[in-house]
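1. Sequence and predicted structure, then a few things I'm wondering about:
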Amino acid sequence: MPKAKAKFSGRLQMQEIDVHLNEGTVQWNGSVDSSNYTWDPPISGTVYGTLLNYQGALDQMEDALHQDPYKSPPKAPILYIKPKNTITGNQTVIPMPEDVSELEVGACLGLVIGEKASRVSEDEAMSYIEGYTIVNDISVPHESVFRPAVKHKSRDGFCPAGPWIVERDDVPTPDNLTIRVYVNGECKQENHTGNLVRSVAQLLSDVTEFMTLEKGDTLLVGIPENPPRVKDGDQIRIDIEQVGVLENKVKKEAAVGGIRL
Amino acid sequence: MKTARVAFQGGIYKATEHSEGIQLDNGQQVAEEEVVWLPPIEPQTSFALGLNYFDHASELSFNAPEEPLVFLKGPNTFVGHRGKTYRPSDVTHMHYECELAVVIGREAKNVKKEDAYSYISGYTIANDYAVRDYLENYYRPNLRVKNRDHCTPIGPWLVDAAEVQDPMNLALRTYVNGELVQEGSTKDMIFDIPELVEYLSSFMTLSPGDLILTGTPKGTVDTKVGDEVITEIVGLGRLVNTITGEPS
């Protein structure tokens, strides 16, 4: 039974819980009814995303990788930041801005860092991970990845995360996890972390070669190709094997007043 | 009011200017060399602008952008006054960028430029180093160029907004080993401070402690290990940094 850390709403500290993934229940201090709880995001540090780290996503760019403006395929990991105004928890509403009609779901495995990681080797990398969470890296759809996509990725509430952080040792093979995205109950995307360009350990090693990850930071391993699009009213469910299920609903920003739910 | 954050004899203090040096918030007066200077704020969401001065854009052979070219920085990249910044041994072009840094003082969403200054609590100086060898054309400028550890010196002082009469008319200068190498004025920004606050707050909520580095004018040249780089903004102070070959 996987152990996890969660933050129930209304409490200052985090809770250590047991997760029953098959039953969809959790246990904390004897209670097993997860409907008793609402969830705050279990993460608190900086969230870094990784661009084009699924082989399928890279392959879709094909010749463009060699043409203007890109000129050559990426060499080192290409990262971006999901700032604090984007971070929300499980079961929150994702505000759909007035100026867009569709959003893109970014189903990401999140590596939560357990110890300051600077220039770590691939062999040692796993020991710097505290655990794994699910992150929905929402974007306003955009074709070009030449310039930083701050306007597309940094809107309020665009980064639901959770519900919890499953402890590292309860996910022995993070490079072998199935990821499924359901929209209104229908499976719209299925991929597998076996398709990562850089494996979990290699990504951590290559990123910490040029910047330090602090305890509590979260590194997203990437968004699989063909991310589903969602509209006002859609229910999104991201299911990552051995980690859990993250659910959120899309609603027009005017209806929810931005991030303040 | 100018305030700094410093470490002294194992404690962390706020500090202010004093005729003999600086004064800690416990009343103690010390020389500025006796303390370790920390970034004057703990930056929250940190934006930086690329190509926001006409002369720098043309220096890099880019047309002026039609929309602000914004990227984000993480907390790992900031380092205080008199800090050191690592230059990897394989690098051929690492340049400083003297920038006016704007600190947000209260929550801001859908702010009109006419009201923008009332959301700003203060200003400081940033040196937004870039390691051009690592530029890639994906989310350019990519984090490997712009978000390296301690690659963004900031400080020494947070200067209250009320003390900066015209932030759009401040002289910026950079000196390398005492020689003037970069000179410009904030009046030459393409997107000025009110426009940047309006732009960013049009699609996301800004919060107290968020930081906007507003870009750099022309005159960015390579620096070497051992160089002392001073970025200066008249009225705000002089931010000293030294390039080191020792990884931070």
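-> Received the coordinates, thanks. Nothing here was measured: the structure is a model prediction, and the numbers come from that model. Residues are numbered from 1 along each chain as shown, chains lettered A, B, ... in the order given.
2. Low-confidence regions, chain B specifically.
-> Regions of chain B meeting the criterion pLDDT under 70 cover residues B:56-58.
3. 80 - rerun?
-> B:55-65, B:248 (pLDDT under 80).
4. who in it is up against chain A?
-> B:44-45, B:47, B:69-77, B:109, B:134, B:136-144, B:147-149, B:203-207, B:247 (Cβ under 8 Å from any Cβ of the partner chain). (Each C-beta comes from the backbone N, C-alpha and C, glycine too.)
5. Confirm residue A:169 sits in a helix?
-> Yes - secondary structure of residue A:169 (DSSP: H, G, I helix; E, B strand; the rest coil): part of a helix.
6. Wait, residue A:28 touches residue A:19, no?
-> No - counting by Cβ atoms under 8 Å, residue A:28 does not reach residue A:19; the two are 10.0 Å apart.
7. For the residue nearest to residue A:224 when sequence neighbours are not counted, which residues count as its bridge partners?
-> In space, not counting the residues next to it along the chain, residue A:224 is nearest to residue A:191; the distance is 3.5 Å by Cβ to Cβ, 6 or more residues apart in numbering or on different chains. Partner residues in beta bridges with residue A:191, using DSSP bridges, are residue A:179.
8. Residue A:191: neighbouring residues, count only.
-> When counting by other Cβ atoms under 10 Å in any protein chain shown, one arrives at 23 neighbours for residue A:191.
9. Am I right that it is in contact with residue A:56?
-> Yes - assessed by Cβ under 8 Å, residue A:191 is found in contact with residue A:56 at 7.2 Å.
10. Residues in contact with both of these two, list them for me.
-> Residues touching both residue A:191 and residue A:56 (Cβ atoms under 8 Å, 6 or more residues apart in numbering or on different chains): A:224, A:225.
11. what helix or strand does residue B:13 sit in?
-> strand B:11-18 (DSSP states H and E).
12. What's the first helix or strand after that strand?
-> Counting by DSSP H and E, what follows strand B:11-18 is strand B:21-24.
13. neighbouring contacts of the helix or strand following that next one?
-> Going down the chain from strand B:21-24, the next helix or strand is strand B:29-30, by DSSP H and E. For strand B:29-30, contacts defined as Cβ under 8 Å, 6+ apart pick out B:8, B:18, B:20, B:21, B:22, B:23, B:24.
14. Show me which of the residues you listed are buried.
-> B:8, B:22, B:23, B:24 (16 or more other Cβ atoms under 10 Å in any protein chain shown).
15. Show me what the first one bridges to in the sheet.
-> Taking DSSP bridges, one finds residue B:11 as the beta-bridge partners of residue B:8.
16. That one and residue B:34 touch, don't they?
-> Yes - using Cβ under 8 Å, residue B:8 is in contact with residue B:34, at 6.7 Å.
17. quick one on the thing from earlier: can you tell me which of the residues of chain B next to chain A are in strands?
-> Judged by DSSP state E, the residues of chain B next to chain A include B:47, B:69, B:70, B:71, B:72, B:73 as members of strands.
18. Packing partners of the lengthiest helix in chain A?
-> Ordering each helix of chain A by length in residues (DSSP state H) puts helix A:200-208 first. Secondary-structure packing of helix A:200-208 (3 or more Cβ pairs under 8 Å, 6 or more residues apart in numbering or on different chains; DSSP states H and E): strand A:47-51, strand A:107-113, strand A:218-220.
19. Quick one: name whatever helix or strand follows the shortest one.
-> Just to be clear, that refers to strand A:218-220. Counting by DSSP H and E, the next helix or strand C-terminal to strand A:218-220 is strand A:229-230.
20. Direction included, what does the helix or strand encompassing residue B:123 pair against?
-> Taking DSSP H and E as the definition, residue B:123 sits inside strand B:120-127. Strand pairing for strand B:120-127, using DSSP bridges, gives strand B:98-104 (antiparallel), strand B:152-160 (antiparallel).
21. From chain B, how far out is residue A:45?
-> As judged by Cβ to the nearest Cβ, to the nearest Å, residue A:45 and chain B stand 8 Å apart.
22. got it, and residue A:27?
-> For residue A:27 relative to chain B (Cβ to the nearest Cβ), the value is 35 Å.
23. excluding its backbone neighbours, what's nearest that residue?
-> Sequence neighbours aside, residue A:18 is the residue nearest to residue A:27 in space, at 4.2 Å (criterion: Cβ to Cβ, 6+ apart).
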